[in-house]
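Engineer: predicted model and sequence follow; I will ask about them next.
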Amino acid sequence: MTAEPQSRKGRGATYNPDNRFQASRVESESDGWWWEQAAERIDTQVIEEAPKSALSWNQSPDLGFDRSLNPYRGCEHGCIYCYARPSHAYWDYSPGLDFETRLIAKTGMVERLREELCRPGYVCRPINLSGNTDAYQPIEADYASTRSLLELLLECRHPVTLVTKSALILRDTTLLAEMARHRLVRVFVSLTTLDNDLKRTLEPRTASPAARLRVVRELHEAGIPVGVLVAPVIPAINDREIESILTRAAEAGAASASWTLLRLPREVSPMFEAWLEAHYPERAGKVMSLIRQSRGGATNDSRFGQRMHGEGLFVDMIGQRFARSARKLGLGRRADMGLETAGFCPPRRQPDLFA
């Protein structure tokens, strides 16, 4: 790990926590003679990986889908609170700065997905694109893996849901509009804050709040069903914005809205506390106290039924405020209802070279 946490422009994590799977750990310590300073700038590195399968499956009752596609591992958006950070340890990287600077781009995803959709007994249900990391993070502009996957799903009339914080999704408006005409897509834009200064440190390389509202507006105008996720709600950081976020989202054309409470699994908890001390030291104690009150005295609760919203008086208050505002604005709850599965037709195993 680095000598001590250090804020870097354009990066969310302030340090690299140790990989929990490593047998040994190395710590830097000053001997009074010489000290190697941590680099001010860390460039993004992309490694390509050829996965054996495309779909990831889950049995979580907290999720509205049982299968997902994740074209990339790690995420350059750098959201400090990202629940996917601990997964980076499985590839011998740190969930900290490594998660947002050492990315893995999966190659051959379209071919693997084509094979899986052709398997006997495959049952069509909506696939979630971005179940772990954002499918429209910056490297998508170069790889276009997400677009290729959407083209295949449209070809075989397979429904999909998308979650993103990126304005890059507008590149695929025409494609998504065609899918919407066949009732094959719903898009959810994660809108955490309307405060640009907070966004710059909390989610450093995501689209600005104004850009995300533009995404909602343009997708809505193109006939694409779009909703917003106020996620995560962070006590004493962005919870005061709930009503204003919902109001702006409804004005932009969002049809649905939902929320989740901040989750701090494994290494995310100490990294988030370090972020608080770096950017909101006067509020750090209050924030963590409210989180523990909402998580049974801990910083995280992974139990099904509890991990998304938590429990306690603070959570009850947030839920009541959100429900009242959403009802007033005519925003429905997040749902995948209405997506068409009856038209699914398995794709050809190989593209027709003479088509």
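Structural biologist: Thanks, I have it. Only a predicted model underlies this, so the values are computations on that prediction, with no experimental measurement involved. Numbers count the residues shown, from 1 in each chain.

Engineer: the one helix or strand residue 210 maps to: how far from the chain's middle?
Structural biologist: Under the criterion of DSSP states H and E, residue 210 resides in helix 209-221. Here helix 209-221 is found 17 Å from its chain centre; the criterion is CA atoms, centre = their mean, to the nearest Å.

Engineer: ok, then the element right after that helix?
Structural biologist: Next element after helix 209-221 (DSSP H and E): strand 226-233.

Engineer: and the longest helix seen in the chain, what's its mean pLDDT?
Structural biologist: Identified as the longest helix of the chain according to DSSP state H is helix 313-329. Computed over helix 313-329, the mean pLDDT rounds to 96.

Engineer: and the angle for that helix with strand 226-233?
Structural biologist: Angle, helix 313-329 to strand 226-233, by axes from the mean of the first three to the mean of the last three CA atoms, to 10 degrees: 160 degrees.

Engineer: mind giving me the packing neighbours of helix 313-329?
Structural biologist: helix 242-252, strand 256-261, helix 284-294 (3 or more CB pairs under 8 Å, 6 or more residues apart in numbering; DSSP states H and E). All C-beta spots, glycine's among them, are computed from the backbone N, C-alpha and C.

Engineer: quick one, helices of the protein?
Structural biologist: Using DSSP H, helices in the chain cover 97-101, 109-117, 140-143, 145-155, 173-181, 196-202, 209-221, 242-252, 268-279, 284-294, 313-329.

Engineer: make TSV out of those and add mean neighbour count and distance to residue 81.
Structural biologist: Formatted as TSV, these follow (neighbours: other CB atoms under 10 Å; distance: least, CB to CB, whole Å):
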stretch	mean neighbour count	distance to residue 81
helix 97-101	25	12
helix 109-117	19	27
helix 140-143	15	21
helix 145-155	19	23
helix 173-181	17	27
helix 196-202	16	7
helix 209-221	19	16
helix 242-252	19	16
helix 268-279	20	6
helix 284-294	18	11
helix 313-329	15	16
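
Engineer: make JSON lines from those helices and add distance to residue 164 to it.
Structural biologist: Output for those, formatted as JSON lines (distance: least, CB to CB, whole Å):
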{"stretch": "helix 97-101", "distance to residue 164": "16"}
{"stretch": "helix 109-117", "distance to residue 164": "17"}
{"stretch": "helix 140-143", "distance to residue 164": "10"}
{"stretch": "helix 145-155", "distance to residue 164": "9"}
{"stretch": "helix 173-181", "distance to residue 164": "11"}
{"stretch": "helix 196-202", "distance to residue 164": "15"}
{"stretch": "helix 209-221", "distance to residue 164": "8"}
{"stretch": "helix 242-252", "distance to residue 164": "14"}
{"stretch": "helix 268-279", "distance to residue 164": "20"}
{"stretch": "helix 284-294", "distance to residue 164": "26"}
{"stretch": "helix 313-329", "distance to residue 164": "21"}
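
Engineer: quick one: residue 209 from residue 75, how far?
Structural biologist: Separation of residue 209 from residue 75 (CB to CB, to the nearest Å): 19 Å.

Engineer: and for residue 263?
Structural biologist: 16 Å.

Engineer: which of those two has more residues huddled nearby?
Structural biologist: residue 75 (27 against 22; other CB atoms under 10 Å).

Engineer: tell me the contacts of that one?
Structural biologist: Applying CB atoms under 8 Å, 6 or more residues apart in numbering, we find residue 75 in contact with 82, 84, 99-100, 103, 133-134, 137.

Engineer: residues contacting the nearest residue in space to it that is not next to it in sequence?
Structural biologist: Of all residues not flanking residue 75 in the chain, residue 133 sits nearest, at 4.0 Å (CB to CB, 6 or more residues apart in numbering). By CB under 8 Å, 6+ apart, the contact list for residue 133 reads 70, 72-75, 82, 84.

Engineer: and the pLDDT for residue 133?
Structural biologist: 93.

Engineer: can you give me the distance of it to residue 304?
Structural biologist: 22 Å.

Engineer: what does residue 328 give?
Structural biologist: For residue 328, the distance to residue 304 (CB to CB) stands at 31 Å.

Engineer: how about residue 244?
Structural biologist: Taking CB to CB, one finds residue 244 at 31 Å from residue 304.

Engineer: ok, now residue 77?
Structural biologist: For residue 77, the distance to residue 304 - CB to CB - is 27 Å.

Engineer: which one is residue 11 nearest to, not counting chain neighbours?
Structural biologist: The nearest residue in space to residue 11 (CB to CB, 6+ apart) is residue 78, at 5.4 Å.

Engineer: now do residue 85
Structural biologist: residue 95 (3.8 Å).

Engineer: list of residues touching the longest helix of the chain?
Structural biologist: Contact partners of helix 313-329, identified using CB under 8 Å, 6+ apart, comprise 230, 233, 235, 239, 242-243, 246-247, 250, 257, 259, 261, 290, 293-294, 309, 332-333.
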